[in-house]
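1. quick check, what structure comes out for this input:
(chains A and B)
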Amino acid sequence: MFLHILKYNFISALRVKQLNFWILIFPIILGTLFNIAFSGIMDSEKFKTIPVVIVEKSENKNFSSVVDSLTVGDTPMLKVEYIDEEKALDKLKNGDCKGIIYVDEKISLTVSSNGIEQSILKSFLEQYSSRETIITETAVNNPAALNEVIAQLSNEITTIETINLTDGNMDMSIQYFYNLIAMTCLFGSYLGVNTIINNQGNLSAVGARKCISSAKKYITLIAGLLSAYIVHIICLGVNLLYLIFVLRIDFGDKIPQIVLTTVIGGFAGIAMGFFIGSIGKISTNAKIGILTSISLILCFFSGLMAHNMRMKVENIFPVLNKISPAALIADSFHSLNIYGVSERFYTNIITLIIISVIFTIGGLILTRRDSYANL
Amino acid sequence: MKNNVVVIENLVKRYKELIALDHFSLEIKEGEVFGLLGPNGSGKTTTINCLLSLLTYDKGNIEIFGKKMSPTNYEVKKNIGVITQNVAVFDELTVYENIDYFCGLYVTDKNLRKQYVKEAIEFVGLENYTKFYPKKLSGGLLRRLNIACGIAHKPKLIILDEPTVAVDPQSRNKILEGIQELNKQGATIIYTSHYMEEVEQICTRIAIMDKGKQIAIGTKQDLQKLIKNTETITIEIIGLSKENIDEISKISHIYDCKYENNRLILKYSGGKHNLTRILNYLQENELTFGRVFTELPTLNDVFLEITGKTLRD
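-> Below is the predicted model of the structure:
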């Protein structure tokens, strides 16, 4: 009987269009919109090779070696063209290059406007000038080491190495996708409350029909919960796959932890809806209204809507962050993003499991009866 | 002597100050089609819900198939089928899936269930709609689906709570024939309805409820005996004088005489050869008359006289 109920509850839950919109379609749409918005920002921030022309009024082999070393690689720093001054000025005027480097006794730079590229060129020349003495002395005193010195100098000029204190991701836009997954986990609460509605004789006609049948209440409830969970996990799985393989969101090497958080978070979302739905003798619409209100409030305080809110709650009422499923799911993803796989992450996951189990057992106890004082 | 299938003793159900059932008692025997009648708010649905242990009650005792009914008495529940007032099906499941789902709450054997579902579909005539979703069905077909979901597991006791509300006459006839067929197959039926003619048509015994109390019970004939009116004669006649009406009123056994719109309506309480006597009077006074109608009291008359209310109020 359990499998029979599970099968039909699963089919039924899969076909509830409104629910599937919120837990499957809406996150996909929102994820796509995030991706479009953030990819524009990321593209604009991506480093582009700076076109520059060099007008050689005298030969400077050392400088040429350094410049040449900056023109190689996947995204070289410079794209260099050696031309005469007249053509160089034309190119600068037409915007075909960002600056003209004059190589004479002194190395100088001419630019036509201010900008990031021009600043980089200026900075590069300043750095070169400050180290030119080292190169010249090396050429005189130890010519064999000249190439090595030039290479090292090029590295110093071009590379700024990012050193993370943790193994977290410094790309903050990823946090929005984590928040999206967290929010989708919480949308599972509607599946949870739907399970209650479909099993309570005082909330729906099908609930009444089940209550008067010979099926034991806890069997119908657990089968309902399990089917809701399976549907939710499938939808969350599709969302994750879409983010990873279609939108190509780079979650790094934390996929197993993301899957773990999603699986537990999905359970927490359903358990929360199940528990809230089981409280009080009120109508179906009122229950859904209360659930929506509580979900939104918890999401707000967990920082899913306003970035700094979680810290404010931590200062004023820290208990809420310790017990709110929204806060725990959000913080699991947040800690995963910022601190990597940490103790804080696992503490959140364990707390989520405990709270979900409490919610589920509480809901089962509150809805265990088949008989009602009012219908 | 047939066994009691349902025994309700001194049932009391209160909703705060309101007494919905006031020491209500009832016995229903095996094989009966039992009609439960009453105006809105009389306590019919409350009785059904208490009977099914869906509602708690304050006092009294309920036994079904000789066993005390409780929410966890699954053995008893297994033999009960309910057709609820509100259509209770899943909108997301097809006709076949709905019937299979609800049948599966009682019948665990897959092959047996398949057979039962097929029979239920044939019984309600939904063979051509098995893949339809409920929202695509008309009101009548939806009611038939509701019935199929309630009876697919072949229960011994079937409770129908106003199953023909908002159903077209063809579907209603189909449903009523189905109920009689289920009864022939051995099921005991409890039937509540707002439609008096339906109850008259199919019920072998009837109880009338009002204000949570049982105010009359018996066969249709038993109930007819409870009221003053035994016969109503209507005669189409033109130009009847006041003197004629006064004389007619004095004919024996007539307790109510009305003359409206060229129609003489006479109500009798007992007596034999009532028609002969009035026709003789008309002939003797050379009064020309048209069509003559005679009718025995209906359940509606019984209901009106006993409760003082119309059933559809």
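
2. now the closest residue to A:Lys216 other than its chain neighbours: how far from A:Leu3?
-> Nearest residue to A:Lys216, sequence neighbours excluded (C-beta to C-beta, 6 or more residues apart in numbering or on different chains): B:Tyr74, at 6.7 Å. Glycine gets a C-beta too; all of them are placed from N, C-alpha and C. Distance, B:Tyr74 to A:Leu3, using C-beta to C-beta, to the nearest Å: 18 Å.

3. equivalent analysis for B:Thr47, please.
-> 36 Å.

4. domains of chain A?
-> A:2-41+A:169-366, A:48-158 (automatic domain parsing).

5. so for the shortest one, mean pLDDT?
-> Taken as a whole, domain A:48-158 has a mean pLDDT of 81.

6. which bits of chain A sit near chain B?
-> Those residues of chain A that sit near chain B, judged by C-beta under 8 Å from any C-beta of the partner chain, are A:1, A:4-5, A:8, A:11-16, A:198, A:201, A:204-206, A:208-216, A:220, A:369-375.

7. closest residue of the stretch 151-300 of chain B to chain A?
-> In the stretch 151-300 of chain B, the residue found nearest to chain A is B:His153; the distance is 8.5 Å by C-beta to the nearest C-beta.

8. that older thread, neighbour-wise, which of B:Tyr74 and A:Leu3 wins?
-> B:Tyr74 (14 against 10; other C-beta atoms under 10 Å in any protein chain shown).

9. need the contact list for the more buried one.
-> By C-beta atoms under 8 Å, 6 or more residues apart in numbering or on different chains, the contact set of B:Tyr74 is A:Ser214, A:Ala215, A:Lys216.

10. got phi/psi on the residue lying closest to B:Gln224 once chain neighbours are set aside?
-> Leaving aside its chain neighbours, B:Gln224 sits nearest to B:Pro297 (5.3 Å; criterion: C-beta to C-beta, 6+ apart). Main-chain dihedrals, B:Pro297, degrees, to the nearest 10: phi -60, psi 140.

11. report pLDDT for B:Pro297.
-> At B:Pro297, pLDDT is 85.

12. what's near enough to touch it?
-> So B:Pro297 contacts B:Gln224, B:Ile227, B:Asn229, B:Thr230, B:Glu231, B:Thr232 (C-beta under 8 Å, 6+ apart).

13. Three-state assignment for the last one, please.
-> In terms of secondary structure, B:Thr232 is strand; the call rests on DSSP: H, G, I helix; E, B strand; the rest coil.

14. my guess is it meets B:Arg263, correct?
-> No - B:Thr232 is not in contact with B:Arg263 according to C-beta atoms under 8 Å; the separation is 11.5 Å.

15. give me the more crowded residue out of these two.
-> Applying other C-beta under 10 Å to B:Thr232 and B:Arg263 shows that B:Thr232 carries more neighbours, namely 18 against 15.

16. OK, contacts around the more buried one?
-> Contacts of B:Thr232 by C-beta under 8 Å, 6+ apart are B:Ile265, B:Leu266, B:Lys267, B:Tyr268, B:Thr294, B:Glu295, B:Leu296, B:Pro297.

17. hmm, who's touching the strand ranked longest in chain A?
-> Looking across chain A with DSSP state E, the single longest strand is strand A:50-56. Residues from elsewhere that reach strand A:50-56, judged by C-beta under 8 Å, 6+ apart: A:67, A:77-85, A:87-88, A:91-92, A:96-103, A:117, A:120-121.

18. which secondary structure element contains B:Leu176?
-> helix B:169-184 (DSSP states H and E).

19. so which residues make contact with that helix?
-> So helix B:169-184 is in contact with B:31, B:33, B:123-125, B:139-141, B:143-144, B:147, B:151, B:158, B:160, B:163-164, B:167, B:189, B:191, B:198, B:201-202, going by C-beta under 8 Å, 6+ apart.

20. one more: stretch A:79-90?
-> A:49-56, A:67-68, A:70-71, A:91, A:97, A:100, A:102.

21. highest neighbour count among those residues?
-> The most crowded member of the contacts of stretch A:79-90, judged by other C-beta under 10 Å, is A:Val52 (28 neighbours).

22. among the contacts of B:Thr232, which ones are in strands?
-> Those of these lying in strands (DSSP E): B:Ile265, B:Leu266, B:Lys267, B:Tyr268, B:Thr294, B:Glu295.

23. go ahead and confirm the second one touches B:Ile245.
-> No - taking C-beta under 8 Å as the definition, B:Leu266 is not a contact partner of B:Ile245, at 10.3 Å.

24. more neighbours, these two?
-> B:Leu266 (23 against 13).

25. quick one: the strands in the chain?
-> I went with chain A, as the question did not name one. Under DSSP E, chain A gives strands at A:50-56, A:78-82, A:99-103, A:107-110.

26. let's do chain B instead
-> B:4-15, B:18-29, B:33-37, B:59-64, B:67-68, B:80-83, B:157-161, B:188-192, B:205-210, B:213-218, B:231-237, B:254-260, B:263-268, B:289-295.

27. what residues does the stretch 1-150 of chain B put near chain A?
-> Looking at chain A, the residues of the stretch 1-150 of chain B close enough under C-beta under 8 Å from any C-beta are B:15, B:49, B:52-56, B:71-72, B:74-75, B:77-78, B:80, B:82, B:84, B:86-90, B:92-93, B:97, B:100-102, B:104-106, B:108, B:149-150.

28. restrict the residues you listed to the buried ones and give me that as a ChimeraX selection.
-> Filtering these down to the buried ones (16 or more other C-beta atoms under 10 Å in any protein chain shown) takes a single ChimeraX command:
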select /B:49,52,53,54,55,71,77,78,80,82,84,87,88,89,90,92,93,97,100,101,102,104,105,106,149,150
